[in-house]
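K.L.:
missing the sequence, but the structure's below:
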Ligand SMILES: [Zn+2]
């Protein structure tokens, strides 16, 4: 199943034929994404359907992955489970993109053929939070450690963040 997915896809042709792509890709194949991860083991599962809505070609489906990120609060590792549903309208210009229905994001095609890897990676990068962090209050543990350091060190730590970021997130009700 891992090696059955095409490297290059032809979205408009696929939409005409109502094609479906189901399979998995290795996380390590995504170069840009790997740069955001602590560890790029594991796979990304995809289930894509290509279809037409009137004259508009669309690709919709879901992407599932467990990604190993670094928590921005405690700098420890945590696993982010992504289950992203998406729907893209295939367009050839910004003008067409502006006319899409609101449930549909534009995918501007400059070429007939595109890289499946890039399409999946773009969606994964969109699914990453700006400030990845544990869902529980992991920072309480590192706060205890911070109290033990002397004042000079503490000022340095404050200037390059973790807790100010967390405070901001709380304020915006994220
Ligand atoms: Zn944490």
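P.N.:
Looks like it arrived, so ask away. From a predicted model like this one, the values you see are computed outputs, not experimental measurements.

K.L.:
residues from the chain in reach of the ion?
P.N.:
Proximity of the chain to the ion, by C-beta under 5 Å from the ion, involves residues 71, 73-74, 76, 134, 138. Where C-beta positions appear, they are placed from N, C-alpha and C, glycine not excepted.

K.L.:
Those residues in helices, which ones?
P.N.:
Among the residues of the chain next to the ion, no member falls in helices (DSSP state H).

K.L.:
Of those, grab the buried ones for PyMOL.
P.N.:
Buried members of the residues of the chain next to the ion, defined by 16 or more other C-beta atoms under 10 Å, are picked up in PyMOL with:
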select buried, resi 71+73+74+134+138
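
K.L.:
so where's the protein uncertain?
P.N.:
Regions of the chain meeting the criterion pLDDT under 70 cover residues 1-3, 140-174.

K.L.:
Show me which residues of the longest helix seen in it are buried.
P.N.:
In the chain, assigned by DSSP H, the helix with the most residues is helix 116-127. For helix 116-127, the neighbour count (16+ other C-beta under 10 Å) marks 116-117, 119-124, 127 as buried.

K.L.:
and which of those residues is nearest residue 57?
P.N.:
Closest to residue 57 out of these is residue 119 (13.7 Å), distances taken as C-beta to C-beta.

K.L.:
Tell me the secondary structure of residue 131, please.
P.N.:
Recorded secondary structure, residue 131: coil (DSSP: H, G, I helix; E, B strand; the rest coil).

K.L.:
Double-check it against residue 72; I have them as touching.
P.N.:
Yes: using C-beta atoms under 8 Å, residue 131 is in contact with residue 72, at 4.9 Å.

K.L.:
higher neighbour count, these two?
P.N.:
Set residue 131 next to residue 72 and count neighbours by other C-beta atoms under 10 Å: residue 72 wins out with 19 against 15.

K.L.:
how close does the residue most central in space within the chain get to residue 13?
P.N.:
By C-alpha atoms, centre = their mean, the chain has its centre lying nearest to residue 124, at 2.3 Å. Separation of residue 124 from residue 13 (C-beta to C-beta, to the nearest Å) stands at 24 Å.

K.L.:
Now name the helix or strand holding residue 82.
P.N.:
Here residue 82, judged by DSSP states H and E, is contained in strand 77-91.
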